[in-house]
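Colleague: I would like the atomic coordinates for the input below:
(chains A and B)
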2 protein chains.
Amino acid sequence: MSRCLISKAEVQGFIERCMMAVGTKQHHACSLAEVLVEGDHRGHYSHGLNRMGQCGAGSSSLHLHVSFKDMYVKDIQSGICAKDGEPVVEKESAATALVDGKNLLGPVVGNFCMNLAIKKAKEVGIGWVVAHGSNHYGIAGYYAMQALKENMIGMSFTNTSPLVVPTRGKECTLGTNPISMAAPAKDGDSFVLDMATSAVAIGKVELHERRGDPIPEGWGCDPQGKLTTDPKRVLSGGGLVPVGGSEATGGYKGYGLAMMVEVFCGILAGAAFSKHIRTWKETDRVANLGQCFVAINPENFAPGFTDRMSDLMSIHRGLDPADTDTPVLAPGDPERMNIDQCEEMGGIPYHINVINYMNECAKKIGANPLLPCDQLISN
Amino acid sequence: MSRCLISKAEVQGFIERCMMAVGTKQHHACSLAEVLVEGDHRGHYSHGLNRMGQCGAGSSSLHLHVSFKDMYVKDIQSGICAKDGEPVVEKESAATALVDGKNLLGPVVGNFCMNLAIKKAKEVGIGWVVAHGSNHYGIAGYYAMQALKENMIGMSFTNTSPLVVPTRGKECTLGTNPISMAAPAKDGDSFVLDMATSAVAIGKVELHERRGDPIPEGWGCDPQGKLTTDPKRVLSGGGLVPVGGSEATGGYKGYGLAMMVEVFCGILAGAAFSKHIRTWKETDRVANLGQCFVAINPENFAPGFTDRMSDLMSIHRGLDPADTDTPVLAPGDPERMNIDQCEEMGGIPYHINVINYMNECAKKIGANPLLPCDQLISN
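Modeller: From the prediction side, this is the model:
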């Protein structure tokens, strides 16, 4: 498999150019590009330039992929996502706000809300901001991590199109509804939890299907609601299961958490929710996603927060592992390792097919210059 | 198995009398009794008068049980838990507070904090209150549910003694750290999530061990950190695993959630945390637990909150189940069914051994009258 190294700045500029070529405002394009580049940099290719980067599949299975171009460029081109206007505060208190995202790009809404939450947390210790009328906003952790710059705890939640089957059911009624939470530790270290409330992402099931591999029991169910190890059955009429897997192993807890996220998002914000949200990958109507952004200022609580955070993480990182090959990690460590690898290599590695595909798209919409593919690496 | 029906009022009075017999103030005893009775009423006997009620085991395995008497009465008797004083607000803003629980009974601290959070949410839409210097506070959901009376969303979190082994580790470093969240729906209906972030409670593993049954894979691990179906290995040197089970099925998510709860509790409040918390069932030193209480006022967000909540729950309760014998439930429904059963029977059913054991204890500390055992039921 041939991969191509591209610097963060190059990816950033490329995404901005593509988005602006279809009429996106410059600072909206910049917001989107920043979130997507961060997704790739952290190793979450499913939430970056193209989820295809991760799997190395050929064009035959392109129908399974949703690239930045397929999703964000198309949404602006078709007009299903708005390019004009800015988010608006509809209701506000010292500590809370309800925002109308005006159907703008998710990261535009997300940055607006997270900044507002941080501002409120500076004043009264906490800011809890929810938005309706939003769109896909990339990795949830991006917004939670904004709070780290102000030495605050950040949280972010979003609802998403139904892909998850509730415990005892056989129909998808909930999204992968992520929970993210970031907290600052000493010397720039941080805790970053960013997790779907499903057992795994849909992309992992797709990857196994393309490889012809079975999936572990506890990832997904068939159209009858029974756990299956056949990825094809999950993808055709079945669905993901909540974290915890079957009812016996605690899947009802993941189901409850996915519902909790929905309460914070669609229900509290008055957005679309549960199975009222449009089907995954169908963009026949506006998404009207609900999202929730929280900032908490540790200075309003007990002194010494970052010392205790560092101690908590050291306790875990320093544990004797069950298997010496796999050390105990703290939330955020796998992403930190991916970032370190990128820094060492001098860029983010993408599959050559992704680059070619993205460049073809860019040509069609008249975005220039294209992504460079002169830095090939093999592994 | 012989069980004995006792009314809520009788259990309430009995617990109050026992606690007052060892010197607890009347309103502190009342707070504790209310939480424990509510635990039993909801079917969570592990957090009520006596966890033994649920398992029907003989006296030979009494060493495995922790009764209200063993925990709360003993803590007051020994002086390891304070009986004098009231919780104190140490730091406060319009939306936040840091509380010193003064080592009082957990429910005394919990009620104080939750009331404060609700008061703040009435004023600025949200109240986020954390306490250090607290003790076991019963079911987390009790505090979250207080917010329902004010048509608000409630949340509560607590850290607990280490019983959970982090993903890839082999040592218990985290408690079962529960997440609870309650939200009001129409006509008195409500969403009540109250879940440990471990796959199951330790009591469920103990129950299988006593019965000589294996446990499902994904509940606990052995002293080497490997998943095991042998409950003995979990209870002797192993530990519970986070919800999600093994790393492959998403156990690292449960691990991350348990850490998140610890950040809200021990870390934010400046209480004991992680493996610095005293060992489970050992009361050689004060617990200094950290707890977090949140109230959110839906009126500060989009209108129509309870309508959407009811719709969300109807969507799920109305789903075609995978198995017609097990309908799809909403969080809180199993507890509601247990409450309905109690109402129908006219009391809470306890194993006769529990009643006899509790009455023996009551005699020793001079609490009168004892629990009645004239209403026997068999099943």
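Colleague: what's the burial count for the nearest residue to residue A:69 once chain neighbours are set aside?
Modeller: Spatial nearest neighbour of residue A:69, excluding adjacent residues (CB to CB, 6 or more residues apart in numbering or on different chains): residue A:361 at 4.4 Å. (Glycine included, C-beta is placed from N, CA and C.) Neighbour count of residue A:361, defined by other CB atoms under 10 Å in any protein chain shown: 19.
Colleague: on the three-state scheme, residue A:361 is what?
Modeller: helix (DSSP: H, G, I helix; E, B strand; the rest coil).
Colleague: and it, what's its pLDDT?
Modeller: Confidence at residue A:361, expressed as pLDDT, is 90.
Colleague: list the contacts of it.
Modeller: Counting by CB atoms under 8 Å, 6 or more residues apart in numbering or on different chains, residue A:361 makes contact with A:18, A:67, A:69, A:73.
Colleague: by mean pLDDT, which helix or strand of chain A comes out lowest?
Modeller: helix A:52-55 (a mean of 33; mean pLDDT, DSSP states H and E).
Colleague: quick check: next helix or strand after that one?
Modeller: helix A:68 (DSSP states H and E).
Colleague: quick one, helices of the stretch 151-300 of chain A?
Modeller: For the stretch 151-300 of chain A, the helices defined by DSSP state H, counting those that start in this stretch occupy A:202-211, A:231-235, A:251-262, A:268-269.
Colleague: format those helices as a markdown table; extra columns: mean neighbour count, mean pLDDT and distance to chain B.
Modeller: Output for the helices of the stretch 151-300 of chain A, formatted as a markdown table (neighbours: other CB atoms under 10 Å in any protein chain shown; pLDDT from 0 to 100; distance: least, CB to the nearest CB, whole Å):
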| stretch | mean neighbour count | mean pLDDT | distance to chain B |
| --- | --- | --- | --- |
| helix A:202-211 | 20 | 90 | 10 |
| helix A:231-235 | 20 | 97 | 13 |
| helix A:251-262 | 28 | 98 | 4 |
| helix A:268-269 | 30 | 98 | 5 |
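Colleague: you'd agree residue A:167 is up against residue A:250?
Modeller: No - counting by CB atoms under 8 Å, residue A:167 does not reach residue A:250; the two are 9.4 Å apart.
Colleague: burial measure for the spatially closest residue to residue A:25 that is not a sequence neighbour, as a count.
Modeller: Using CB to CB, 6+ apart and skipping the chain neighbours, the partner closest in space to residue A:25 is residue A:83 (6.5 Å). Residue A:83 is flanked by 20 other residues according to other CB under 10 Å.
Colleague: distance-wise, check residue A:83 relative to chain B.
Modeller: 25 Å (CB to the nearest CB, to the nearest Å).
Colleague: report pLDDT for that residue.
Modeller: 96.
Colleague: likewise residue A:24?
Modeller: 97.
Colleague: now do the one 3 residues further on
Modeller: At residue A:27, the predicted lDDT confidence score is 97.
Colleague: can I get the CA coordinates of whichever strand or helix holds it in PDB?
Modeller: Assessed by DSSP H and E, residue A:27 sits inside helix A:26-41. What follows is helix A:26-41, C-alpha atoms only, in PDB (Å, rounded to 0.1, in the frame of the first residue of the first chain):
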ATOM      1  CA  GLN A  26     -13.400  32.100   3.900                       C
ATOM      2  CA  HIS A  27     -13.700  31.900   7.700                       C
ATOM      3  CA  HIS A  28     -16.300  29.100   7.500                       C
ATOM      4  CA  ALA A  29     -14.100  27.100   5.200                       C
ATOM      5  CA  CYS A  30     -11.200  27.700   7.600                       C
ATOM      6  CA  SER A  31     -13.200  26.400  10.600                       C
ATOM      7  CA  LEU A  32     -14.200  23.300   8.700                       C
ATOM      8  CA  ALA A  33     -10.600  22.600   7.500                       C
ATOM      9  CA  GLU A  34      -9.200  23.000  11.000                       C
ATOM     10  CA  VAL A  35     -11.600  20.300  12.500                       C
ATOM     11  CA  LEU A  36     -11.000  17.900   9.600                       C
ATOM     12  CA  VAL A  37      -7.200  18.300   9.700                       C
ATOM     13  CA  GLU A  38      -7.300  17.700  13.400                       C
ATOM     14  CA  GLY A  39      -9.300  14.500  12.900                       C
ATOM     15  CA  ASP A  40      -6.700  13.200  10.500                       C
ATOM     16  CA  HIS A  41      -3.800  14.300  12.700                       C
END
